[in-house]
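J.: Need the 3D shape of this:
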Amino acid sequence: MAAPDTVSVVIPAMNEAGAIASVVSGLRAAATWHEILVIDDGSTDDTGARAADAGARVIRHPYNKGNGAAVKTGIRAATGQYLLIIDADGQHQPADAVRLVSKLGEYDLVVGARTTATQATLTRRLGNGVLNGLASYLTQHRIPDLTSGFRAARLDGLREFITLLPNGFSTPTTTTLCFLRAGYNVTFEPVEARARVGVSKIRLTRDGPKFVLIMLRVMTIFSPLRVFLPVAAVSFLLGAGYAAWTVITRSDVTDSSVLLIVLAVLIVLVGLVSEQVSALRSDGRR
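T.: Model (predicted):
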């Protein structure tokens, strides 16, 4: 069990002047943390000043780089043994932060999994459900909330994967997949999310495809065959099925059928090579 005084709290914030002071004050009232870092990601309002007045140490980006870039700045600057990442919009409760931290030690990553009822809109819930299902398949581990930014982890574990973290809004996706596929202990702790202060900066139509691409990118690094084999299987079944149909109806096998089957074999071979590269990478990291 990790004590709060070993935990650095990182709060990425951009134009969150309406909520940041209450978030920092609530955290300070809930426990004695090692430090509270607010990463002001190029805000055009007084987010940084209000955070500093509330008792946080503020690190300011000279321009907006993205939520992920702010998290990476916090990871580099933190001096605690563990790291807690919490949103600046006021939707997460300080008591839940203490509860997440209490799981550290036994677990390397603890994710605050929002209940379905507390996620913003029906469209957002459906989109998250699709992402959760795809991520669960790729990792072979049930993931109830892939995109929650509310999480606690060992600081050295986060630093291990910092070069893989994107600058945008898919840092939670990447850290969850990286920890799971690297074999670390990961758990999901149910939390009740409140309505956020202000307007969300995430757009499903714009950011949803990015989350999917991030998942595929991470999985091709850690477990390539989980991506390559289904694609090869589809290509082979199409080729074999079309060949069977043309044999029955035309008594011959078309070039298209042969190409699809050959493509399936090539995809499998590329997947096997990628799997070996992934294994060598993992051995080198250890």
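J.: Where does the prediction get shaky in the stretch 101-250 of the chain?
T.: 116-125, 127-128, 195-208, 210-211, 214-215, 218-219, 222 (pLDDT under 70).
J.: Now do the helices in it.
T.: In the stretch 101-250 of the chain, the segments counted as helices under DSSP state H, counting those that start in this stretch are 122-139, 155-160, 171-181, 204-222, 225-250.
J.: elements contacting the longest one?
T.: Put plainly, it is helix 225-250. With contacts defined as 3 or more CB pairs under 8 Å, 6 or more residues apart in numbering; DSSP states H and E, the packing partners of helix 225-250 are helix 122-139, helix 204-222, helix 255-285. (C-beta placed from N, C-alpha, C; glycine too.)
J.: What are the buried residues along the last one?
T.: Judged by neighbour count (16 or more other CB atoms under 10 Å), helix 255-285 contains these buried residues: Ser257, Leu260, Ile261, Leu263, Ala264, Ile267, Val268, Gly271, Ser274, Glu275, Ser278.
J.: if we take these, which one ends up nearest to Arg181?
T.: Closest to Arg181 out of the buried residues of helix 255-285 is Ser278 (9.1 Å), distances taken as CB to CB.
J.: quick one: Tyr242 from Thr163, how far?
T.: Tyr242 sits 43 Å away from Thr163 when distances are taken as CB to CB, to the nearest Å.
J.: If you could redo that for Gln81, that was the one I meant.
T.: Plainly put, Gln81 is 21 Å away from Thr163 if you go by CB to CB.
J.: With neighbour numbers in mind, choose between those two.
T.: Here Gln81 and Thr163 are set side by side on neighbour count (other CB atoms under 10 Å), and the busier one is Gln81, at 17 against 7.
J.: residues contacting the more buried one?
T.: Ala2, Thr6, Val7, His34, Arg154, Leu155 (CB atoms under 8 Å, 6 or more residues apart in numbering).
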